[in-house]
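In: model the following, please.
(chains A, B, C and D)
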2 protein chains.
Amino acid sequence: MSTHATTRVAAPTRREQILREAARLFAERGFHGVGVDEIGAAVGISGPGLYRHFAGKDAMLAELLVGISERLLDGGRTRVSQDAAAGDGSPGSLLDALIEGHIDFALDDRPLITLHDRELDRLREADRKRVRRLQRQYVEVWVEAVRALYPALAEAEARMTVHAVFGLLNSTPHLTGALPDRDATAALLHRLARGAFAAAACSEVPA
Amino acid sequence: MSTHATTRVAAPTRREQILREAARLFAERGFHGVGVDEIGAAVGISGPGLYRHFAGKDAMLAELLVGISERLLDGGRTRVSQDAAAGDGSPGSLLDALIEGHIDFALDDRPLITLHDRELDRLREADRKRVRRLQRQYVEVWVEAVRALYPALAEAEARMTVHAVFGLLNSTPHLTGALPDRDATAALLHRLARGAFAAAACSEVPA
DNA sequence: GCAACACGTTAACGGTCACTAACCAGTGCG
DNA sequence: CGCACTGGTTAGTGACCGTTAACGTGTTGC
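Out: Numbering: from 1, shown residues only, chains lettered A, B, ... in the order given. Coordinates of the predicted model:
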C-alpha cells in the first residue's frame, strides 16, 4: 500500500493512524487497560504528543464510537436507497444487502465492532446519547427491512431478532486468531443470519 | 470455603454476596472501571474489608470467570447425560436441551455472561488458560450435538456456527432494561438459534 | 473469664496514569 | 532574516487506586 499515493485515498494522516492503533489497543485490553503512552508508542511518538491531535483519551474513544455508529448507519441507509432505486423486486434483496454490509464491517473492522458494544459506557453523557441515537436508528433501518420481508412478524419481536442477529454477526472477534477463509466465513454468517430471520417469522406464537 | 454450613443452600454467605455485586459492577463499568471501595460499599462494608474474603480484586474476577465456565460446562454435560439416558429418540432433543440451558443462563445471569467474553484478558495467565480450556470443552459439547443432528455439516463450520449462536444467545444483555416477558423472550431466542443451525446445515457449499 | 478468631474499621503508602508545562526543531513565508 | 505555526520532546504534578498496617469488637470454645 501506498507510501505516497499521489491520488485519492491519501496517505493515512497522523490522526487516522492514532485512531486505528487506539481502536486496536482498546479492543485488546479495554479502554481503562491501555495508557496514553502505549497508544503513542504504537504510532511512533511518545506519550503526551497525542495531545497535539486529541483533547484527551476520552476524545479518542468518543470519535471512534461516533465514527463507527455513523458509518454503520450511513452504510445501511445507502443500501436502502440503492435497493429502492434498483427496484428489481426480489423481496429479500434489501435484507441481504444489509447483512452483507454488516458482515463486511464485522470482518474488516473487528476492533471497532468490539469497542462498539463494549466501551460505550465510558463516554461522557452527551457522546453516549449521540451514539445510542445512531445505534437506535441503525436498528430501525433493519427492523423496517425485516418487516417488509416478513409482514406477519410483530415489531417487538423483529427488533429483538435484529439485536440477536447483530450478536451473531459480531461474534467473529471472539474467534481467536485470523479466520481461515474470508469469503467462506462471510457466506456462512450470511446464511446463519437469514436462517435466524426465517425462524423468527415462522410459527410466530407457539400456542 | 463454607464456615460451617451444615446443610445445602444456606443463606447467601458474605463471599457470595460480594461476588454477585462485583459481577454486576464489573459488567456495568468494566473490571478496571470499578474500584474496591465501590464493591465494598455495594455489600455494606467499606474498602479493604474485602481482603478478609479475597486475596485481591484479581481473585474475585478469577473466581467469577472460572465459576461461570465450570457451571456452563457442567450444565452442558449434565444435559448430554440426561438426554442419552432418556433415549427417547427425537433427534434434536439434545440440542434443544443445550439451547434451553444456555438461554436460562443468559437470562438469569446477565452480568456473568457479559463478563464471560469481555474481561477474560484481565486474568493471570494460569487462570486464563483454565477458563479458555473450559470454554473450549463447552463448545465441543455443542459441536458434537450439532453434528449428531446434522452429520453433513463439516466440523469447522459447525464450530463457527456454535460460536455465532453463542453470540446470538448472549445478545440479551445488550437489550437495555428488563425484557418484557421472560418466557416469550426465551422461546424467540430458542427459535432463532434453531433457525441458525438449520441454515448452517442447509446447502453447505454454494457452488 | 479469657484466648483465639472472624470480621470490620481507618490511615497510610506506593505505583500508575492522564494531563500540563516548558521547551525545541523544522518548515513556509513576508 | 525573522516569525509563526505544527508537531514533537522530557519533566513534573495531582489524583486515584489496590493493597497493607495497625487496630478494634463481638462471639465462641475451653
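In: does DNA strand D have contacts with the longest helix seen in chain A?
Out: Counting residues, the longest helix found in chain A (DSSP state H) is helix A:57-86. No - with Cβ under 7 Å from any atom of the strand as the criterion, DNA strand D is not reached by helix A:57-86; the gap is at least 12.6 Å. Bear in mind the C-beta positions are built from the backbone N, C-alpha and C, glycine included.
In: now the element after that helix, going C-ward?
Out: With elements assigned by DSSP states H and E, the helix or strand that comes after helix A:57-86 is helix A:93-108.
In: and that following helix, what's buried?
Out: Residues of helix A:93-108 classed as buried: A:93-99, A:102-103, A:105-107 (neighbour count, 16 or more other Cβ atoms under 10 Å in any protein chain shown).
In: need the residues that contact the helix or strand following that helix.
Out: Once the chain leaves helix A:93-108, the next helix or strand it forms, by DSSP H and E, is helix A:110-116. With Cβ atoms under 8 Å, 6 or more residues apart in numbering or on different chains as the test, helix A:110-116 has contacts from A:23-24, A:26-28, A:61, A:64-65, A:68-69, A:105-106, A:170, A:172-173.
In: what does stretch A:94-105 give?
Out: By Cβ under 8 Å, 6+ apart, stretch A:94-105 touches A:71-72, A:75-76, A:79-80, A:82-84, A:112-113, A:141-142, A:145-146, A:148-149, A:165-166, A:169, A:186, A:189-190, A:193-194, A:197.
In: if we use 6 Å, what do you get?
Out: By Cβ atoms under 6 Å, 6 or more residues apart in numbering or on different chains, the surrounding residues in contact with stretch A:94-105 are A:75-76, A:79, A:83, A:142, A:145, A:149, A:169, A:186, A:189-190, A:193.
In: please apply the same query to stretch A:56-68.
Out: By Cβ under 6 Å, 6+ apart, stretch A:56-68 touches A:22-23, A:31, A:36, A:54, A:112, A:116, A:123, A:127, A:131.
In: report the lowest-confidence entry in the residues you listed.
Out: Among those, A:H116 carries the weakest pLDDT, at 92.
In: ok, that one - how many residues close by?
Out: 22 (other Cβ atoms under 10 Å in any protein chain shown).
In: distance from the chain centre to the least confident helix or strand in chain A by mean pLDDT, please.
Out: Across the helices and strands of chain A, mean pLDDT, DSSP states H and E gives its lowest value to helix A:110-116, namely a mean of 94. Chain-centre distance of helix A:110-116: 7 Å, with Cα atoms, centre = their mean, to the nearest Å.
In: extract the C-alpha trace of it and format it as CSV.
Out: The C-alpha trace of helix A:110-116 is given here as CSV (Å, rounded to 0.1, in the frame of the first residue of the first chain):
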residue,chain,number,x,y,z
ARG,A,110,-13.1,-6.2,14.1
PRO,A,111,-11.6,-3.9,16.8
LEU,A,112,-14.2,-1.3,16.1
ILE,A,113,-17.0,-3.9,16.4
THR,A,114,-15.6,-4.9,19.7
LEU,A,115,-15.5,-1.4,21.0
HIS,A,116,-18.9,-0.7,19.7
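In: still on that earlier bit, out of the contacts of helix A:110-116, which are buried?
Out: By 16+ other Cβ under 10 Å, the contacts of helix A:110-116 give A:23-24, A:26-27, A:61, A:64-65, A:68-69, A:105-106, A:170, A:172-173 as buried.
In: tabulate the buried residues of helix A:93-108 (a markdown table), appending distance to DNA strand D.
Out: Output for the buried residues of helix A:93-108, formatted as a markdown table (distance: Cβ to the nearest atom of the strand, whole Å):
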| residue | distance to DNA strand D |
| --- | --- |
| A:S93 | 44 |
| A:L94 | 42 |
| A:L95 | 44 |
| A:D96 | 43 |
| A:A97 | 38 |
| A:L98 | 38 |
| A:I99 | 40 |
| A:H102 | 34 |
| A:I103 | 35 |
| A:F105 | 29 |
| A:A106 | 31 |
| A:L107 | 30 |
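In: looking at these, which one is closest to chain B?
Out: A:A106 (10.3 Å; Cβ to the nearest Cβ).
In: check what pLDDT the closest one gets.
Out: In this model, A:A106 carries a pLDDT of 96.
In: please name the residues that touch it.
Out: A:113, A:169-170, A:172.
In: point to the residue nearest the middle of chain A.
Out: A:I113 (4.8 Å; Cα atoms, centre = their mean).
In: need the three-state assignment for whatever residue of chain A ends up closest to DNA strand D.
Out: At 3.0 Å from DNA strand D, A:G49 is the closest residue in chain A, using Cβ to the nearest atom of the strand. The three-state label for A:G49, taken from DSSP: H, G, I helix; E, B strand; the rest coil, comes out as helix.
In: skip the chain neighbours and tell me the closest residue to it.
Out: A:G40 (5.7 Å; Cβ to Cβ, 6 or more residues apart in numbering or on different chains).
In: could you do A:G33 as well?
Out: B:H32 (5.5 Å).
In: specify the local secondary structure of the one you found.
Out: Classified using three-state DSSP, B:H32 is coil.
In: what does it show for phi and psi?
Out: B:H32 adopts backbone torsions of phi -70, psi -20, taken as degrees, to the nearest 10.
In: can you count the residues close to A:F54?
Out: With other Cβ under 10 Å as criterion, A:F54 counts 19.
In: need the pLDDT of the closest residue to it other than its chain neighbours.
Out: Counting by Cβ to Cβ, 6+ apart, A:M60 is the residue found nearest to A:F54 once chain neighbours are left out, at 5.2 Å. Here, the pLDDT recorded for A:M60 equals 98.
In: could you measure from A:M60 over to DNA strand C?
Out: 8 Å (Cβ to the nearest atom of the strand, to the nearest Å).
In: what does chain A have sitting close to chain B?
Out: Proximity of chain A to chain B (Cβ under 6 Å from any Cβ of the partner chain) is limited to residues A:30, A:32-33, A:118, A:157, A:163-164, A:167-168, A:171, A:174, A:188, A:191-192, A:195-196, A:198-200.
In: pull out the buried members of those.
Out: For these, a burial check counting by 16+ other Cβ under 10 Å picks out A:30, A:32-33, A:118, A:157, A:163-164, A:167-168, A:171, A:174, A:188, A:191-192, A:195-196, A:198-200.
In: out of these, which are inside helices?
Out: Using DSSP H, those in helices are A:157, A:163-164, A:167-168, A:188, A:191-192, A:195-196, A:198-200.
In: specify which member of the residues you listed is nearest to DNA strand C.
Out: A:G167 (29.0 Å).
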